[in-house]
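S.K.: what's the 3D shape of this:
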Amino acid sequence: MNPKSKKKKIISVAQQLSNQLSAVNDKFKQLKKLREQIGKLKSLYAEHDQLMEELLPLFIEKTPDAFIVKREVTVGTEKYRFTPFFYDEKKALVRAKVWKSTAFESGTIE
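M.R.: Numbers count the residues shown, from 1 in each chain. From the prediction side, this is the model:
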């Protein structure tokens, strides 16, 4: 084998390894940036949870032997709708658990 081609092959392998390491390092840097952004959003999740706790009682009426979930509430001239995650409207089924990527999984208020 020619010494020049052997040297070129070694340089080529070294460059490939360098590129791979650089790509992995870039991924770690991106992960760090994402974690910083997520950390900044935690206060928004806490505020969201607090507002949901304050507003959910408007949609839920408690009687001595039942809870009645209202789907819609009118405040002044505005209507707000509650969509519970534990009920599938399409299938008309109550679900034990629905995995949602939200800070508060009871449902959404729109």
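
S.K.: ok, then the element right after the strand or helix carrying Phe28?
M.R.: Element membership for Phe28, per DSSP states H and E: helix 3-55. Note on helix 3-55: by DSSP H and E, the next helix or strand toward the C-terminus is strand 60-63.

S.K.: Strand partners (parallel or antiparallel) of that next one?
M.R.: Strands adjacent to strand 60-63 in the sheet, as given by DSSP bridges, are strand 66-69 (antiparallel).

S.K.: which residues sit against the partner strand?
M.R.: The contact list for strand 66-69 (C-beta atoms under 8 Å, 6 or more residues apart in numbering) reads Phe59, Ile60, Glu61, Lys62, Phe82, Pro84. (Each C-beta comes from the backbone N, C-alpha and C, glycine too.)

S.K.: Summarise which helices and strands the following helix or strand past it is packed against.
M.R.: Note on strand 66-69: by DSSP H and E, the next helix or strand toward the C-terminus is strand 72-75. Judged by 3 or more C-beta pairs under 8 Å, 6 or more residues apart in numbering; DSSP states H and E, the packing partners of strand 72-75 are strand 78-84.

S.K.: and the strand it packs on, which residues are buried?
M.R.: Phe82, Pro84 (16 or more other C-beta atoms under 10 Å).

S.K.: Which pLDDT does the model give Glu105?
M.R.: pLDDT, Glu105: 64.

S.K.: ugh, typo on my part, it should be Lys6
M.R.: At Lys6 the predicted local distance difference test score is 65.

S.K.: now swap in Arg81 and tell me
M.R.: pLDDT recorded at Arg81 is 91.

S.K.: just the one 5 residues further on next, same as before
M.R.: The score at Phe86 is 78. That number is its pLDDT.
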